[in-house]
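Engineer: got a sequence here, can you build the structure:
(one chain, ligands or ions: 1)
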Amino acid sequence: MSDWQRHSENLIRSLAPEDFGSSPVYIVGKSEAGELYRDFHAYAFTTHGLDLLLKPVLIQSKRWRGRGGAVVVHDELLQKRDGRDFGPALQGVLLHEASHLISDIGVVSDPVIPESLPEIREGIAAAVSTPTDKRIPPTYWHNLKWLRCLLHLYWRALFCGHEVTLESLGIPFIPRNYPEMACILAGHVEQEATEKQHIPLSEILANPGPIELDALWIGYILPFCEGASHGYRYEEERKCHPG
Ligand SMILES: [Zn+2]
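Structural biologist: Have a look, this model is predicted:
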């Protein structure tokens, strides 16, 4: 395992120690992830059952320690962008994917059964080998729970002295002409993140969040993404972002 992979695992584990517990977190480079990910264009991705799909690779490299969260990182793309040590972009990408693991996939209890793996494999191949389907609003894969979790991870990273930027988080619904939106979103979670930085994220997410964040989600982000108001068409606005 490379140093960047070890650092990556340590980073996300340190920000949510209770959520990851003792279960493994596999950070796999695109270059070692095999044929399925050859045309992979996003900075990173994760999905249900990814640990099982990567199991042969993980066994071969003597890393398999049972079921756990898994993330494939496009190491070549990130190195091209940020140089050999990856720089801060990798941290943002990892926080983005860690939020998927914690808020949606379930780090310890991903319920995927081996029988559904062929279908998942096909879904990944379709998703990573073609540009993102712009007819699907970004809120389809990135819901309010994911956003709240991500912003908690962002604040925790800052509290620990990491130099992660809002831009590197790849929040897919920040309008290009309104980048301050990321700052406003983060601001709405700052107090909760400060007060609850030592509480498991799963516990935090099980309870209602900041009302300002809810209000922005319902009143602005959903209409923006669905093109229902504000005159926006998100497909013209959105930027390339991690998967
Ligand atoms: Zn994502």
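Engineer: check the gap between the residue sitting nearest the centre point of the chain and Asp104 for me.
Structural biologist: Nearest to the geometric centre of the chain sits Glu97, at 2.1 Å (C-alpha atoms, centre = their mean). Computed with C-beta to C-beta, to the nearest Å, the distance linking Glu97 and Asp104 is 11 Å. (C-beta placed from N, C-alpha, C; glycine too.)
Engineer: and if you look at Leu153?
Structural biologist: 14 Å.
Engineer: more neighbours, those two?
Structural biologist: Legend: neighbour count by other C-beta atoms under 10 Å for Leu153 and Asp104, higher for Leu153 (28 against 17).
Engineer: which non-adjacent residue is nearest the more buried one?
Structural biologist: Sequence neighbours aside, Leu95 is the residue nearest to Leu153 in space, at 4.5 Å (criterion: C-beta to C-beta, 6 or more residues apart in numbering).
Engineer: only the buried residues of the host helix or strand of the one you found, if you could.
Structural biologist: If you go by DSSP states H and E, Leu95 is part of helix 88-100. Using 16 or more other C-beta atoms under 10 Å as the test for burial, helix 88-100 gives Ala89, Leu90, Gln91, Gly92, Val93, Leu94, Leu95, His96, Glu97, Ala98, Ser99, His100.
Engineer: and if you look at stretch 22-41?
Structural biologist: For stretch 22-41, by 16+ other C-beta under 10 Å, it's 23-30, 32-33, 36-37, 40-41.
Engineer: and which of the buried residues of helix 88-100 is nearest to Leu213?
Structural biologist: Nearest to Leu213 among these, counting by C-beta to C-beta, is Ser99 at 14.2 Å.
Engineer: where's the residue lying closest to the closest one once chain neighbours are set aside, which helix or strand?
Structural biologist: Closest residue in space to Ser99, ignoring its immediate chain neighbours: Leu150 at 3.9 Å, by C-beta to C-beta, 6+ apart. Taking DSSP H and E as the criterion, Leu150 maps to helix 144-159.
Engineer: quick one, what contacts the residue nearest to Ser99?
Structural biologist: Counting by C-beta atoms under 8 Å, 6 or more residues apart in numbering, Leu150 makes contact with Leu95, His96, Ser99, Ser103, Leu169, Ile171.
Engineer: which residues does the residue nearest to Leu153 contact?
Structural biologist: Contacts of Leu95 (C-beta under 8 Å, 6+ apart): Ile12, Leu15, Leu150, Leu153, Tyr154, Ala157, Val164, Leu169.
Engineer: quick one: pLDDT of it?
Structural biologist: What the model reports for Leu95 is a pLDDT of 97.
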